[in-house]
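# Here's a sequence, model it:
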Amino acid sequence: MKSLSMQNPLCSLRKSSNSKSLKSIALVTGTRAEWGLLYPLAKALRDNHIFNFSLLVTGSHLSQALGNTYKEIKSDGFHITAKIPILQDSSSTQLDIAKSLAATITAFSQYFLQTPCDMVILLGDRYEAFGVAIACANLNIPIAHISGGETTQGANDEYMRHCITKMSYLHFASTEIYRRRVIQLGENPSRVFNVGSLAVENIHNTPLLTQAELESTLQTPAHFLDSFCVLTFHSTTLESTNPTQEITLILQALLKSPYKILATKANADSGGSLINEVLESYMRKYPQNIVLCASLGRVLYLSSVKLAKFVIGNSSSGLGEAPILNTPTINIGDRQKGRLMPHSVISITPNPEEPQAYVQEVLDSINHLASKDFAPKNISHPFGNGTTSGQIIEILQNTLYHGTINLKKAFYDIEP
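Here you go, the predicted structure:
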């Protein structure tokens, strides 16, 4: 076998600006929400002639139970370079996640040994991205990381994100606060950029459906979308709360409200399948009040959030996409604690050990959204002006064709 330095030319410090061959960039996506953000960047990378672009699809995209969302990627007009299965079991226990993480490291190591690339782009904080980052770090492949510096104190994504930051070479943060946090982790400011959020660009450039078009596509009951909310709830992997109990109490509260419920299934996380079982049970019991989708996909989800009276749950989209679409959010629990909270977000942390109080606090929040005291219009957000992809591509081009990559990164100390 060739040594790693021979397999990967980036083990050397110098980058030649005179190279006639295209530099190869691989973009990895493992979840539906991630693809919703990555779409504009993937499109820009695919349509330019600067790089040899590869799209690697893994994780829940390849799960039938979670909607086979790789089909959405294909319907968006993309050629999938490689499908790399990693999920070990649909039950999503902690052991299943550990096995999937190990499978990710092994599978992507094998892929990159057979198909070397000059840089890998990863987004976010999930275990799929964490596993790919470990594989890249071990093979001396530079990583460009999107959305570093954010925090999610209620999930183990928190430390996975920061680990990915330390393994990455380029950093594309979505706000100035997040950029400074990456530097605080010891990354040199010359490699850390505030490029805004891909969500802004995605929303600005995606034709959204009308209510009639959404009703026809989802085949909802009559008048369902006249007054509805979007529910997305995931397990909180660093908390001891029972996800089954919490989603049950949230549904009980929503069923007492005047709003219909358009729900999406939970991610392939520990406890996610338990949440989905409750959602499926309630959907069967209340078919006129609840529509459940394994995955809405990028266009349907954004259209739904735009038309909804509010978003509820603990998804990052309630703090990111919803404010951009001028839709208020009820954020429940600590899963997103530490992220920037636009003024359109109401955060509550009800105690599931007190069921009646939990239900009432959710109902009070819903009533508050409908009150005259809470009427956000032209919601402001700190996520940039929608030029993120162009900024990222320019930085990638300068780095790969005109810069020097030194993977022996010195820790950047902030002056006291």
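
# Show the low-confidence segments of the stretch 251-400 of the chain, by residue range.
268, 372-373, 375-378 (pLDDT under 70).

# Tell me where it has strands.
260-264, 290-293, 310-313, 329-332, 345-348 (DSSP state E, counting those that start in this stretch).

# can you put the ones you listed in CSV and add distance to Ala357 and mean neighbour count?
Bear in mind the C-beta positions are built from the backbone N, C-alpha and C, glycine included. Output for the strands of the stretch 251-400 of the chain, formatted as CSV (distance: least, Cβ to Cβ, whole Å; neighbours: other Cβ atoms under 10 Å):
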stretch, distance to Ala357, mean neighbour count
strand 260-264, 21, 26
strand 290-293, 23, 20
strand 310-313, 17, 26
strand 329-332, 14, 26
strand 345-348, 11, 18
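
# can you redo those as JSON lines with distance to Gly131?
Below are the strands of the stretch 251-400 of the chain laid out as JSON lines (distance: least, Cβ to Cβ, whole Å):
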{"stretch": "strand 260-264", "distance to Gly131": "24"}
{"stretch": "strand 290-293", "distance to Gly131": "27"}
{"stretch": "strand 310-313", "distance to Gly131": "26"}
{"stretch": "strand 329-332", "distance to Gly131": "28"}
{"stretch": "strand 345-348", "distance to Gly131": "31"}
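
# continuing past the longest helix anywhere in the chain, what's the next helix or strand?
Under DSSP state H, the helix in the chain containing the largest number of residues is helix 94-114. Once helix 94-114 ends, the next helix or strand along the chain (criterion: DSSP states H and E) is strand 119-123.

# CA atoms of that following strand as PDB?
Written as PDB, here are the backbone C-alpha positions of strand 119-123 (Å, rounded to 0.1, in the frame of the first residue of the first chain):
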ATOM      1  CA  MET A 119     -11.000  18.800   0.500                       C
ATOM      2  CA  VAL A 120     -14.200  17.500   2.200                       C
ATOM      3  CA  ILE A 121     -17.100  19.800   3.100                       C
ATOM      4  CA  LEU A 122     -19.100  19.000   6.200                       C
ATOM      5  CA  LEU A 123     -22.000  20.800   7.800                       C
END
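
# quick one, that strand and helix 94-114 angle?
Using axes from the mean of the first three to the mean of the last three Cα atoms, to 10 degrees, the inter-axis angle of strand 119-123 relative to helix 94-114 is 160 degrees.

# In its sheet, which strands sit next to strand 119-123, and in what direction?
Using DSSP bridges, the strands paired with strand 119-123 are strand 23-29 (parallel), strand 143-146 (parallel).

# Select, out of these, the one closest to Asn242.
Nearest of the strands paired with strand 119-123 to Asn242, taken as Cβ to Cβ: strand 23-29 at 30.6 Å.

# I'd like the average pLDDT over the following helix or strand past the closest one.
Downstream of strand 23-29, the next assigned helix or strand under DSSP H and E is helix 32-47. Across helix 32-47, pLDDT averages out at 92.

# relative to helix 32-47, how tilted is whatever helix or strand comes next after helix 32-47?
Once the chain leaves helix 32-47, the next helix or strand it forms, by DSSP H and E, is strand 51-58. Using the same axes, to 10 degrees, the direction of strand 51-58 lies 160 degrees away from that of helix 32-47.

# which residues touch strand 51-58?
The contact list for strand 51-58 (Cβ atoms under 8 Å, 6 or more residues apart in numbering) reads 22-30, 42, 45-46, 70, 73, 78-86, 104, 107-108, 111, 115, 117, 128, 132, 396-397, 400.

# Equivalent analysis for stretch 150-168, please.
If you take Cβ under 8 Å, 6+ apart as the criterion, stretch 150-168 is touched by 122, 124-127, 129-130, 133-134, 136-137, 142-145, 147-149, 171, 174, 178, 181-182, 185-187, 234, 236-239, 314, 316, 333-339.

# picking that back up, select only the buried ones of the contacts of strand 51-58 in ChimeraX?
Only the buried entries of those go into this ChimeraX selection, using 16 or more other Cβ atoms under 10 Å:
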select :23,24,25,26,27,28,29,30,42,45,70,73,78,82,84,86,104,107,108,111,117,128,132,396,400
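
# Surely Asn194 touches Glu176?
Yes. In this structure, Asn194 is within contact of Glu176 by Cβ atoms under 8 Å, at 5.0 Å.

# In terms of neighbours, single out the busier of these two.
Just comparing Asn194 and Glu176: by other Cβ atoms under 10 Å the higher neighbour count belongs to Asn194, 20 against 13.

# Tell me the spatial nearest neighbour of that one, not counting adjacent residues.
Arg179 (4.3 Å; Cβ to Cβ, 6 or more residues apart in numbering).

# ok now the one helix or strand the one you found maps to, how far from the chain's centre?
Using DSSP H and E, Arg179 sits in helix 176-184. Centre-to-centre, helix 176-184 and its host chain are 19 Å apart (Cα atoms, centre = their mean, to the nearest Å).

# Let me know the next secondary structure element after that helix.
The first helix or strand that comes after helix 176-184 along the chain, using DSSP H and E, is strand 192-194.

# And the helix or strand just after that next one, what does it pack against?
Per DSSP H and E, strand 192-194 leads on to helix 198-204 as the next helix or strand towards the C-terminus. Applying 3 or more Cβ pairs under 8 Å, 6 or more residues apart in numbering; DSSP states H and E, we find helix 198-204 packed against helix 32-47, helix 297-307, helix 321-324, helix 388-402.
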